[in-house]
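Peer 1: Give the three-dimensional model of this entry:
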Amino acid sequence: MKSVLTALQDGRLIELPETDKEKALRYMASILEAIPEVNSRVDIAEGVLERERQANTAIGMGWACPHIRVDGDAELFSVIGWSPAGIDYGAPDGKKVHLLVMYYIPGNQRMTYLKELSGLAKAIQKGQGITNIQNAAGLNEVRNELLNWVSASIDTAMPDAKARMIKLEAKHAMVEGQAAPAPVKLEGLDRLLPFYIVAGAGIKNITLAQDEDFVRNFEKTDLDAAVISDRNEFEAAGYKVFIRSRTIYKGDRLLYDCLAIKQ
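Peer 2: I've put the predicted structure just below:
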């Protein structure tokens with residue numbers, strides 16, 4: 001389950017603010033589209049929704065695997081969404097969906113995707129379903145449960161040496177998820193924090209960072225899009241923010257590479 005582990009390490013585990021299925025899927029698609037290696041000419045949201053119209057991707061037991069298949073050779077990417085309240089997804093067992101794993105599947109990764117999906121299904125069946133995720137108090141608990149699944153999967157699917165190596169990666173990801181990174185001193189300033197902002201027409205600004213408290217506080221500021229697009233620096237949530245670069249994606253969506261300095 002390498003793409004799930006990578007998603008956890010790269011901060012692509014999110015709490016879904018919407019319980020409406022289409023809105024939740026569009027929100028997750030915007031995260032996938034912000035990945036630099038993802039084909040910017042592909043409309044992820046429309047592709048995922050079209051797949052849902054053809055066949056519902058709910059597996060049952062409270063989880064679903066929305067996805068989009070694309071031509072070409074690239075990496076398999078995923079974004080993981082957690083809905084505490086649950087989403088009326090039209091699942092075959094009638095249960096609300098609390099865990100969504102959305103995949104971007106290039107042509108050369110289709111077998112890898114099927115193996116990963118099988119690994120997820122086995123991990124859920126061997127455990128207590130998604131009860132721990134459904135009842136989690138926050139994203140840290142969700143992350144830890146997913147890391148348990150990753151660990152259980154690699155125990156049976158990989159040679160011992162490779163399993164030990166990936167377990168170390170999982171342990172590192174768990175530590176990052178439980179505590180904010182250690183403060184970095186820079187010329188007398190308290191803290192320097194790299195992060196990203198995903199912005200665009202019709203979507204709420206999304207903040208991507210390893211520090212969950214920072215993300216929570218920063219997204220509460222409800223920044224005006226004009227402030228982000230027109231300036232190279234501004235102040236928000238007790239930080240001075242510097243925009244290092246801007247990348248334009250399809251659908252008038254932009255990815256801002258930023259540095260925040262605590263004031």
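
Peer 1: use CA for all of it now, contacts and neighbours both
Peer 2: Noted.

Peer 1: which residues make contact with stretch 12-28 from outside it?
Peer 2: 7, 31, 45, 48-49, 66, 78-89, 102, 139, 143, 203, 208 (CA atoms under 8 Å, 6 or more residues apart in numbering).

Peer 1: what about it, average pLDDT?
Peer 2: Average pLDDT, stretch 12-28: 92.

Peer 1: Kindly check the end-to-end length of that stretch for me.
Peer 2: 9 Å (CA to CA, to the nearest Å).

Peer 1: Next: stretch 100-116.
Peer 2: 14 Å.

Peer 1: likewise stretch 62-72?
Peer 2: Chord length of stretch 62-72, first to last residue, is 32 Å (CA to CA).

Peer 1: same check, this time on stretch 4-19
Peer 2: 22 Å.

Peer 1: helix, strand or coil for Ile133?
Peer 2: When classified by DSSP: H, G, I helix; E, B strand; the rest coil, Ile133 comes out as helix.

Peer 1: can you count the residues close to it?
Peer 2: Neighbours of Ile133 under the rule other CA atoms under 10 Å: 23.

Peer 1: same check, this time on Gly81
Peer 2: Other residues lying near Gly81 total 25 when counted by other CA under 10 Å.

Peer 1: Which residues are in contact with Ser40?
Peer 2: 33, 249-250.

Peer 1: One more pass at 6 Å, please.
Peer 2: 249-250 (CA atoms under 6 Å, 6 or more residues apart in numbering).

Peer 1: In strands, which of the contacts of stretch 12-28 fall?
Peer 2: Using DSSP state E, the subset of the contacts of stretch 12-28 located in strands is 78-87, 102, 203, 208.

Peer 1: And for Val215, the neighbour number?
Peer 2: 16.

Peer 1: Quick check: it vs Gly94, distance?
Peer 2: In this view, Val215 and Gly94 are 33 Å apart by CA to CA.

Peer 1: Ser245 too?
Peer 2: In terms of CA to CA, Ser245 sits 45 Å off from Gly94.

Peer 1: Do a quick rundown of the helices in the stretch 1-150 of the chain.
Peer 2: 2-9, 21-33, 44-54, 110-126, 131-134, 139-157 (DSSP state H, counting those that start in this stretch).

Peer 1: would you list those in JSON lines and tack on distance to Phe234?
Peer 2: What follows is these, written out as JSON lines (distance: least, CA to CA, whole Å):
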{"stretch": "helix 2-9", "distance to Phe234": "28"}
{"stretch": "helix 21-33", "distance to Phe234": "24"}
{"stretch": "helix 44-54", "distance to Phe234": "31"}
{"stretch": "helix 110-126", "distance to Phe234": "41"}
{"stretch": "helix 131-134", "distance to Phe234": "37"}
{"stretch": "helix 139-157", "distance to Phe234": "29"}
